[in-house]
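A.B. asks: Give me coordinates for this.
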Amino acid sequence: MRSLPSKFSKSGLLQTQATLVQGEDIPHLSRFFAALADPTRLKLLVAINSAGRLGATECVKASGLSQGRTSVHLSCLAACGLIAVERVGRRKYYRIASTLVPEILCLSHVVVDENVATLAQCRTAQPTAS
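C.D. replies: As a prediction, this is how the structure comes out:
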């Protein structure tokens with residue numbers, strides 16, 4: 001079982017939970033989680049995070065989709081602020097836009113590890129098609 005990163009404690013997270021999520025934040029949080037909900041986008045985010053930086057060609061290989069479909073997913077991740085795009089000549093490179101994104105991925109793994117059995121049985125929340 002994974003553990004919380006040292007700078008996150010369960011008590012600290014619970015204390016700030018009420019102040020972090022306000023009613024007006026819900027639409028933004030919903031879009032944020034929608035960006036993460038697509039398996040291809042999540043796969044790309046994990047691949048970029050693991051590599052530190054990936055070129056467009058490497059992203060296509062990581063996604064297993066066509067260049068066009070991969071580009072749509074990368075555009076979504078960039079529009080949501082999860083990745084940054086850097087142009088070097090004619091090539092595009094993608095990197096994680098915030099140091100918080102790897103931490104979010106880590107925290108997500110903690111939650112999944114704690115709930116793997118119930119998540120496997122869940123029929124309501126299903127991954128969307130890419």
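
A.B. asks: Now do the helices in this structure.
C.D. replies: Ranges of helices in the chain, per DSSP state H, are 10-20, 26-37, 39-51, 56-63, 67-79, 100-121.

A.B. asks: residues contacting residue 84?
C.D. replies: Residue 84 is in contact with 78, 94-97, counting by C-beta atoms under 8 Å, 6 or more residues apart in numbering. Every C-beta, even on glycine, is put in place using the N, C-alpha and C of the backbone.

A.B. asks: can you pick the most crowded of those residues?
C.D. replies: Most neighbours among these, by other C-beta atoms under 10 Å: residue 94, with 24 neighbours.

A.B. asks: and the gap between that residue and residue 122?
C.D. replies: Plainly put, residue 94 is 31 Å away from residue 122 if you go by C-beta to C-beta, to the nearest Å.

A.B. asks: ok, back up a step: name the nearest of the contacts of residue 84 relative to residue 50.
C.D. replies: residue 96 (10.0 Å; C-beta to C-beta).
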